[in-house]
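[1] Need a 3D model of the sequence below.
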Amino acid sequence: MTDAGEQDQVDGAGTVSGRSGAAAEELASELLALKKASGLSFAQLSQKTHYAKSSWERWVNGKQFPPRDAVESLARLCETPPARLLDVWDRADGERALATGRESELPESGTGAGTAEAGAAADAVPQPAVAGVDAAPESGAEAAPARRGRRGLWISAVVGLALVAGAAAAYAYAGVGTGGEEPAARPTVKIAGPATGCEGTGCEGKDPKKMNCGADAVTVRTGSIPKDLVMELRYSKACQAAWGRITFAEVGATVVVNNSDGAAAADVVHYDRDVYTPLIAAPESGSTWVCASLPKGKQSCTGYFVPSQER
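    Numbers count the residues shown, from 1 in each chain. Reported below is the predicted structural model:
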């Protein structure tokens, strides 16, 4: 089901910046196929995944390259293993990186006097003689002095550059212009993280909002029970702790956050459509994950998150 006026199409005019590679076009086609299979409109996708309706329209129709998390969210929402879709995303992102590199290497065009000056400067640079390439062979006494003259110019240029570099190094080392004194060391500035009320196992069972763990928190894993709820694993580096959250859920739905040390925390939707759990420790080398279940028994979990493997 789609909203009135929505169009699901991928064509030449809908490619990203008009320069999409094969993988980017394949990615857009896969996203379009998943959306059609889900039967969800762009507005419903926005509600289920927290990404804007207009963003989904651009991503699905190939008008803009989507974030990796959005691709994974759509795959999980449609109960499709995300690995293959993320592989296509990685290849498309690689194509975009290569394309950007080629464009950045193109010389900037000049017009008028600037172009003339550049051409004159290029003509003025002495070119080394290459055997078999000269337009017309030089003869006898005229050829040898010409070659020696060009070689001498190149040697002079190299020697000049070496002298300039040496003078600059000597200036920096000796502190010329500062009385021979070494430059004062610059103070090291350390940026402190947010002030939090707990850390690690000391956070377990506490409210992430009251402990200010939300100040630097990020959603590190997502999942869903399609058409029923969206789940998130939230992580705070400052608190070294995590918690689970579900949204768009019915009353009675449950969310549980777990870690590999055996700790767990849970909460139930009593009213509205969302709820979050208390904190548990997120061990640096341990795993953390979130599971959610419906009153009628259907259950789903996010993938595992290991902080030390994310760097």
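
[2] so what's residue 200 up against?
    239-241, 281 (C-beta atoms under 8 Å, 6 or more residues apart in numbering). Quick note: C-beta positions are derived from backbone N, CA and C, even for glycine.

[3] what's the lowest-pLDDT member of those?
    Across these, the bottom pLDDT score, 92, is held by residue 240.

[4] Can you tell me the closest non-neighbouring residue to that residue?
    Here the nearest residue to residue 240 in space, its sequence neighbours aside, is residue 200; by C-beta to C-beta, 6 or more residues apart in numbering that works out to 4.6 Å.

[5] and of the contacts of residue 200, the nearest to residue 93?
    residue 240 (30.5 Å; C-beta to C-beta).

[6] Now that the closest one has come up, it's in contact with residue 282, right?
    Yes. Contact between residue 240 and residue 282 holds when scored by C-beta atoms under 8 Å: they sit 5.9 Å apart.

[7] show me what contacts residue 75?
    34, 81-82, 85-86.

[8] how about low-confidence regions in the chain?
    Where the chain drops to pLDDT under 70, the residues are 1-20, 101-160, 162, 164, 166-193, 311.

[9] Just the strands from it, written as ranges.
    Taking DSSP state E as the criterion, the chain carries its strands at 218-225, 229-236, 241-247, 254-259, 264-268, 275-276, 280-281, 288-293, 299-301.

[10] list the residues that contact both of residue 240 and residue 282?
    Joint contacts of residue 240 and residue 282 (C-beta under 8 Å, 6+ apart) do not exist.

[11] Just give me the neighbour total for residue 309.
    Neighbour count of residue 309, defined by other C-beta atoms under 10 Å: 10.

[12] what separates residue 253 from residue 59, distance-wise?
    Residue 253 sits 28 Å away from residue 59, going by C-beta to C-beta, to the nearest Å.
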